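# Generate coordinates for the sequence data below:
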Amino acid sequence: MEELRVSLIQTALYWENPDANRANLEEKIAELPATDVIVLPEMFTTGFSMDGKSLAEPMNFTTFKWMKQQAQQTGAVVTGSYIVKENEQCFNRLIWMQPNGEFASYDKRHLFRMGNEHQFYAQGKQKLVVSWKGWNICPLICYDLRFPVWSRNVNQEYDLLLYVANWPAPRAEVWNTLLKARALENQSYVVGVNRVGEDGEGLLYSGDSAMIDFKGQTLFHHKNEEITHTESFSRQALFDFRTKFPAYLDADSFEIRD
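Just a heads-up that it's a prediction; the model follows:
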């Protein structure tokens, strides 16, 4: 597919209230135009809560089934992270749900130490790159944005890099700067989806959700308000730029070790 339509949902989240958040997001999803990918924030059912013990769901439970239903109804991939319990551990897990019910998952690798996330959630080990409508897409989660090696587009393995987040307003400049940096260094489209409002810990979120092209040019950016937005990305324009300016051919090889 030459064009990929991506929709983001920048919204406030009800603190530790999965039912309310699913209902709110369902209304917003229903109002979207035709699209190929719908991106929700990090921990979209709860906000950035460390109470995984009470809030975690097993796989194939309520939120998983809800995502499956939304994907089937819209004909689009629905993706975002929520708290999942598996093998007696809790994960900040992103689900990539396709309309036919096939799915993939990614567990957040870089757990936010300053919020004690590493004390309550298990670390992910595997990076995820998925193919959808001819595009290769790498979805990551929030704090992962600070670590360029983990985000690196090795051998141009992806065309679009996604970050779902609960990134507080006091560090908004870092978020905005690093989203552009990841687009430039990886010669990729980048989409960052963040929440707005105040959470149960009193942290404020400015949104600053953005869509950025492979040259670091901002296609969309919005702060402080709830909003949905859909943008079409051109695969041909991306490939033409990579052909004209193949910086990736001079990239250093490396190996990530735990």
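
# what's the span of stretch 81-91 from first residue to last?
In stretch 81-91, first residue to last residue: 9 Å (C-alpha to C-alpha, to the nearest Å).

# Of all the residues in that stretch, which ones are buried?
Judged by neighbour count using 16 or more other C-beta atoms under 10 Å, the buried positions of stretch 81-91 are 81-85, 90-91. Placement of C-beta: from N, CA and C, glycine included.

# Nearest to residue 241 among those?
Lowest distance from residue 241 to the buried residues of stretch 81-91 (C-beta to C-beta) belongs to residue 81, with 30.1 Å.

# quick one: the closest one and residue 108 touch, right?
Yes - judged on C-beta atoms under 8 Å, residue 81 makes contact with residue 108 at a distance of 6.9 Å.

# Could I get the contacting residues of residue 37?
Taking C-beta atoms under 8 Å, 6 or more residues apart in numbering as the contact definition, residue 37 lies against 4-7, 76-77, 79, 132, 137.

# Run a quick neighbour tally on the closest residue to residue 151 other than its chain neighbours.
Nearest non-adjacent residue to residue 151, counting by C-beta to C-beta, 6 or more residues apart in numbering: residue 182, 5.5 Å away. Counted by other C-beta atoms under 10 Å, the residues lying close to residue 182 total 23.

# cool, residue 34 as well?
Neighbourhood size, residue 34 [other C-beta under 10 Å]: 10.

# can you list the weak-confidence ranges in the stretch 1-150 of the chain?
Residue ranges of the stretch 1-150 of the chain with pLDDT under 70: 1.

# And the helices in it?
With helices called from DSSP state H, counting those that start in this stretch, the stretch 1-150 of the chain shows them at 18-30, 52-55, 62-74, 117-120, 148-151.
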